[in-house]
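1. Quick one: sequence plus predicted model below, questions after.
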Amino acid sequence: MNNNKDITSSIIIIGNEILSGRTPDKNTSALAKWLNKKGILVKEVRIVEDNINEIVYHVKYLKDKFNYVFTTGGIGPTHDDITAEAISVVFDQNYVYHKKAYQILEDFYDKKNFNDGRKKMAKMPEKAKLIPNPKTFAAGFYVENVYVLPGVPEILNAMINELDKIIPNSTEILSISCDLITKESEIADELKNIQKSFEKVVDIGSYPFFNNLQSGTSIVMRSKNQKKLLECEKIIRKSFSNLLKK
């Protein structure tokens, strides 16, 4: 798909624990699936270390390139949680306690247990708007087209429902797939010609699969145009009818 009307996005995964391999990245998949349903194309994903300058650099670049930027990670209570401060720099805003976010946390923990680390989770750019957190009550936030979310997958997933209320829907990106018992190299030329026929309307991808019983290639078709998507599926199934997985 290469439509000028497409709504586009990028995802920035922030955290040294992801780069070191200690923690697997589950957030890209969760966000991408949700964004596809909303009709928002994910065009780029980056993994960035816990470094203010690096975060600022990547967010500045991507926010001007895409309609939406989503960051995950680095908004917790510890010294290495620096995403909120970095976003303040991106938008040249003061890094301050957000009155409502602060009040939510103070009520949740009560004043006796509301320590400095927990207070830190209420600091963000001065003009930030909140993304509610029904799991732990430490809110995410957004400024213009940059949406800042936590790195813990369980918390992020709980907040997606809240984010869904904030970001408007576009036309859903539909997907159809079929499995062929063949190698990619055997169908590459014909598949290329079919893709040319549906250029800018349907994206066609091929992905090898392997299991104990057999191996082959999955063909995945994606489009916002259901009529063209079904037409493409029909052509692919007809072109490779003798290779279709039973």
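-> It's in. Given the structure is predicted, the values throughout are model-derived calculations rather than measurements.
2. Quick one: residues contacting the nearest residue to residue 151 once chain neighbours are set aside.
-> With Cβ to Cβ, 6 or more residues apart in numbering as the criterion, residue 151 has its nearest non-adjacent residue at 3.1 Å, and that residue is residue 73. C-beta: built from backbone N, CA, C; applies to glycine. By Cβ atoms under 8 Å, 6 or more residues apart in numbering, the contact set of residue 73 is 13-15, 18, 27, 83, 150-151.
3. downstream neighbour of the helix or strand of the chain with the lowest mean pLDDT in the secondary structure list?
-> The weakest-scoring helix or strand in the chain, judged by mean pLDDT, DSSP states H and E, is helix 99-113 (a mean of 92). Once the chain leaves helix 99-113, the next helix or strand it forms, by DSSP states H and E, is helix 116-120.
4. what's next to that next one, contact-wise?
-> Defining contact as Cβ under 8 Å, 6+ apart, one finds that helix 116-120 is touched by 77-78, 81, 97, 102, 105, 109, 138.
5. how about 7 Å then?
-> Defining contact as Cβ atoms under 7 Å, 6 or more residues apart in numbering, one finds that helix 116-120 is touched by 77-78, 105, 109.
6. Using CSV, write out every CA atom in it.
-> Output of helix 116-120 as CSV, limited to C-alpha atoms (Å, rounded to 0.1, in the frame of the first residue of the first chain):
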residue,chain,number,x,y,z
ASP,A,116,9.9,10.3,45.4
GLY,A,117,10.1,7.4,42.9
ARG,A,118,6.4,7.2,42.7
LYS,A,119,6.1,11.0,42.4
LYS,A,120,8.5,10.9,39.5
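7. Pull the distance from that helix to the chain's centre.
-> 27 Å (Cα atoms, centre = their mean, to the nearest Å).
8. pLDDT at residue 223, what is it?
-> pLDDT recorded at residue 223 is 95.
9. now swap in residue 212 and tell me
-> On pLDDT, residue 212 comes in at 77.
10. before we move on, which element is it in?
-> Residue 212 belongs to no helix or strand when assigned by DSSP H and E.
11. To what extent is it buried, counted in neighbours?
-> 5 (other Cβ atoms under 10 Å).
12. Residue 137 too?
-> Per other Cβ under 10 Å, the neighbour tally for residue 137 reads 15.
13. Grab the nearest non-local neighbour of it.
-> residue 108 (4.5 Å).
14. how near is that neighbour to residue 102?
-> Shown here: residue 108 relative to residue 102, a distance of 11 Å by Cβ to Cβ, to the nearest Å.
15. Specify which residue of these two has the higher count of neighbours.
-> Ranked by neighbour count (other Cβ under 10 Å), residue 108 and residue 102 place residue 102 first, with 18 against 13.
16. coming back round to it: and the residue nearest to residue 151, its phi and psi?
-> Reported as degrees, to the nearest 10, the phi and psi values for residue 73 are phi 100, psi 150.
17. What is the burial count for residue 207?
-> For residue 207, using other Cβ under 10 Å, the count is 12.
18. can I assume it sits in a strand?
-> Yes - under DSSP: H, G, I helix; E, B strand; the rest coil, residue 207 sits within a strand.
19. for it, what are its contacts?
-> Neighbouring residues of residue 207 by Cβ under 7 Å, 6+ apart: 217-218, 220.
20. sorry, back to before: can you flag the buried ones in the contacts of helix 116-120?
-> residue 105 (16 or more other Cβ atoms under 10 Å).
21. Which members of the contacts of helix 116-120 are the farthest-apart pair?
-> With Cβ to Cβ as the measure, no two of the contacts of helix 116-120 lie farther apart than 78 and 109, at 16.2 Å.
22. what about this protein, any weak spots by pLDDT?
-> 1-4 (pLDDT under 70).
23. How about the secondary structure of the closest residue in space to residue 128 that isn't next to it in sequence?
-> Spatial nearest neighbour of residue 128, chain neighbours left out: residue 141 (3.9 Å); criterion: Cβ to Cβ, 6+ apart. Residue 141 falls in the strand class when you classify it by three-state DSSP.
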